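Novice: structure of the sequence below:
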Amino acid sequence: MMKAGKACFVVAVMMMGGLAMADPGKGGSAPAQQGDVEDLPVCYARGTDTLGSAVDAVAVADLNATTNVGNPGFDAGLALYRACFSDDFSFTLQFDGVTALTVPDPATRTADTDAALQWANFVNNAFRGPGYKNTQHHMGSISSEIRGRHAQVVSYLIATHTYGPAGAAPEGSTAVVGGTYTDEAVREHGHWVIKQRTLNITSSITHLAP
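Specialist: Sure, this is the predicted structure:
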């Protein structure tokens, strides 16, 4: 017969082991979930840079337009956005802490609004207007805090935008932007996705090519 002290010790060890094991109902162990959450800024950066090189996509006034659907670069960027956004995703852009806009616009948003398409069109417009030929978003200092099915992720940004031959600056010039992303993420359908993203731009400089 097992003594009471040893029995308590065995139960304690089993409980500790249970805490370290993956919990299928919660999507895996804490380290695995944290890794998934902190992959979200990278997923977003890949989608954005895919649009950055989609130079044959065109700017559109209506963010709901499907004009660029069928363009390989635009479609690939949109697919990445869909992979890391929730259906009710929104993006808020700030400059030194002052809000400039939110996409989709809360004033006109409906249950049928395609947030990922609107944001892909917005980003594509921002890149095609100045005539960038590619972009590269460097994500770093990523930290996260998970509370049940909700998480907050903070990451630092250095984004390089290179002008093409028909750009607003001489070809090869670069616009470099620095800022901080704050993401509110949720777990939906077994995956972590970004529900709300805020970019606070804190610096911007253009280096002109000779």
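Novice: use CA for all of it now, contacts and neighbours both
Specialist: Noted.
Novice: run through this protein and note the low-pLDDT ranges.
Specialist: 1-28 (pLDDT under 70).
Novice: let's see it at 50
Specialist: Low-confidence regions of the chain, defined by pLDDT under 50, span residues 1-25.
Novice: so where do the helices sit in it?
Specialist: 4-20, 30-52, 72-84, 115-128 (DSSP state H).
Novice: check contacts around the spatially most central residue of the chain.
Specialist: Nearest to the geometric centre of the chain sits residue 44, at 3.3 Å (CA atoms, centre = their mean). By CA atoms under 8 Å, 6 or more residues apart in numbering, residue 44 lies in contact with 80, 81, 84.
Novice: switch the cut-off to 7 Å
Specialist: Neighbour list for residue 44: 81, 84 [criterion: CA atoms under 7 Å, 6 or more residues apart in numbering].
Novice: any idea how far it lies from residue 79?
Specialist: Relative to residue 79, residue 44 is positioned 11 Å away (CA to CA, to the nearest Å).
Novice: what's the answer for residue 151, then?
Specialist: In terms of CA to CA, residue 151 sits 23 Å off from residue 79.
Novice: neighbour count: these two, which is higher?
Specialist: Counted by other CA atoms under 10 Å, residue 151 and residue 79 do not tie: residue 151 has more neighbours, with 22 against 15.
Novice: chain neighbours aside, what residue packs nearest to residue 140?
Specialist: Leaving out its chain neighbours, the residue that sits closest to residue 140 by CA to CA, 6 or more residues apart in numbering is residue 156, at 5.1 Å.
Novice: who's in contact with that neighbour?
Specialist: Here residue 156 is in contact with 139, 140, 141, 142, 179, 180, 181 (CA under 7 Å, 6+ apart).
Novice: mind checking which of those residues are buried?
Specialist: 139, 142, 179, 180, 181 (16 or more other CA atoms under 10 Å).
Novice: closest one of those residues to residue 92?
Specialist: residue 181 (9.8 Å; CA to CA).
Novice: nearest spatial neighbour of the closest one, skipping sequence neighbours?
Specialist: Residue 181 sits nearest to residue 199 (CA to CA, 6+ apart), 4.5 Å away.
Novice: so the one you found bridges to which residues?
Specialist: residue 93, residue 181 (DSSP bridges).
Novice: next: residue 99.
Specialist: Here residue 99 sits in beta bridges with residue 94, going by DSSP bridges.
Novice: measure it to residue 128 for me?
Specialist: On the measure of CA to CA, residue 99 and residue 128 end up 23 Å apart.
Novice: comparing the two, which residue is more hemmed in?
Specialist: Applying other CA under 10 Å to residue 99 and residue 128 shows that residue 128 carries more neighbours, namely 23 against 13.
Novice: check contacts around the residue nearest to that one when sequence neighbours are not counted.
Specialist: Of all residues not flanking residue 128 in the chain, residue 59 sits nearest, at 6.1 Å (CA to CA, 6+ apart). Residue 59 is in contact with 124, 125, 128, counting by CA under 7 Å, 6+ apart.
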